[in-house]
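Colleague: My questions are about this predicted structure, shown below with the sequence.
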Amino acid sequence: MAILITGAAGFIGSHVAERLMARGDAVIGIDSLNDYYSVALKQDRLARLRERYGDLFRFAQVDFSNHVALDAALTDADITGIVHLGAQAGVRYSLENPRAYVQANLVGHVNMLEVARARKGVPMVYASSSSVYGGNETLPFRVEDRVDHPLSLYAATKKADELMSETYAHLYRMPLTGLRFFTVYGPWGRPDMAMWIFTKAILAGQPIPVFNHGRMQRDFTYIEDIVTGVVAALDNPPPDDGAEKAGGSRAPHRLYNIGNHRSEELTKVISLIETACGREALRDYQPIQPGDVPATYADISAIQRDLGFAPTTTIDVGVPAFVSWYRDYHGA
């Protein structure tokens, strides 16, 4: 018996795999290992899991948007839970390569729903995104808010994943939980995200791009808090009781915001990185980018109520922890 994790070589996926195996669960990890960012970093994450957990971790390089390859890889797998974190990520890249998002995030999501449907009663937790809120100007963002106006194709695919999941939960009574992640950061993070970009540039004495002239706010959520929420969602699937769930469904389908419930000024985060790096940033102020939103802020009352989720890591602790890891990893 094992828990299936897609995107297991990714940032969040590798951390979730580690948490599950640390408590004794076997994990089957799949990942296409595409080159959207450094494949070497993904391989290093996998090597760390293999070194620490040995036979508890089984990995297969599989593109889950290819249903034939996916089904073949899972033929003999005894799966007790699914954590579907694999996706084509990134708001800005969706403007350059939209077909990659359709293939991974739409076709791939349906394929994973079919994997779950074939294993009746097995719960699936899947990754959505705070990007679904688009240009919503009412803060904090609540799961009850309308999310009909995405500002990027990435956001549109994540909203579509929620809708498809609702259909499957209704038709097949599958226990599904969608998590709208808010700006996740921490050790083993992604090179395309601001925390990494800023740290790398500051240590190299290069300018950092500060969009919207610094008038940006994000609900920065530390990776260990995120993992706690993912595991809690997996361990507590929604009941099929006809009652209204978080997000409005009466099928066994919940939607949760998972964030830190604090909207932080980007300039404050830059200052914390500067302190941790021991040098000042060269700030290149630029206009807001297409697809970006000026502020995010998560109302986490639903996940607090249902799952007891309570993030504990502030940016004052989390940012130095990331910079310390980055310097160790790169020998900087």
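Modeller: Done, it's in.

Colleague: the strands in this protein, which residues?
Modeller: 2-6, 27-31, 57-61, 79-84, 124-129, 176-181, 184-185, 207-210, 217-218, 221-222, 253-258, 264-265, 282-285 (DSSP state E).

Colleague: Please work out which of these is packed deepest.
Modeller: Mean neighbour count, computed with mean count of other CB atoms under 10 Å, is highest for strand 253-258 among the strands of the chain, reaching a mean of 28. Glycine gets a C-beta too; all of them are placed from N, C-alpha and C.

Colleague: now the closest residue in space to residue 173 that isn't next to it in sequence: how far from residue 282?
Modeller: The shortest distance from residue 173 to any non-neighbouring residue, by CB to CB, 6 or more residues apart in numbering, is to residue 240 (5.2 Å). According to CB to CB, to the nearest Å, residue 240 stands 55 Å off from residue 282.

Colleague: where along the stretch 201-332 of the chain do the helices fall?
Modeller: Assigned by DSSP state H, counting those that start in this stretch, the helices in the stretch 201-332 of the chain fall at 223-235, 266-277, 301-307, 315-330.

Colleague: mind listing what's buried in the second one?
Modeller: Which is helix 266-277. 266, 269-270, 272-274, 276-277 (16 or more other CB atoms under 10 Å).

Colleague: One more: the third one?
Modeller: Buried positions in helix 301-307, judged by neighbour count with 16+ other CB under 10 Å: 301-304, 306-307.

Colleague: For the closest residue in space to residue 151 that isn't next to it in sequence, give me its contacts.
Modeller: Closest residue to residue 151 in three dimensions, ignoring its sequence neighbours and counting by CB to CB, 6+ apart: residue 134, at 4.8 Å. With contact set as CB atoms under 8 Å, 6 or more residues apart in numbering, residue 134 has these partners: 147, 149-151, 155, 293.

Colleague: Quick one, which of those residues are buried?
Modeller: Buried among those by 16+ other CB under 10 Å: 147, 150-151, 155, 293.

Colleague: And these, which is closest to residue 177?
Modeller: residue 147 (16.8 Å; CB to CB).

Colleague: Contacts only, for that closest one.
Modeller: Residue 147 touches 132-134, 136, 159, counting by CB under 8 Å, 6+ apart.

Colleague: returning to what we had before: quick one: which of the buried ones among the contacts of residue 134 is nearest residue 210?
Modeller: Using CB to CB, those come closest to residue 210 at residue 293, 15.7 Å.

Colleague: Give the buried residues for stretch 5-15.
Modeller: For stretch 5-15, by 16+ other CB under 10 Å, it's 5-15.

Colleague: And those residues, which two are furthest apart?
Modeller: Most distant of the buried residues of stretch 5-15, by CB to CB, are 6 and 15, 14.0 Å apart.

Colleague: Was I right to think residue 264 contacts residue 216?
Modeller: No. Look at residue 264 against residue 216 with CB atoms under 8 Å: they stay out of range, at 9.6 Å.

Colleague: export the buried residues of helix 266-277 to CSV and tack on pLDDT and distance to residue 255?
Modeller: CSV is the format used below for the buried residues of helix 266-277 (pLDDT from 0 to 100; distance: CB to CB, whole Å):
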residue, pLDDT, distance to residue 255
266, 88, 27
269, 92, 27
270, 93, 32
272, 95, 31
273, 96, 32
274, 95, 37
276, 96, 35
277, 96, 37
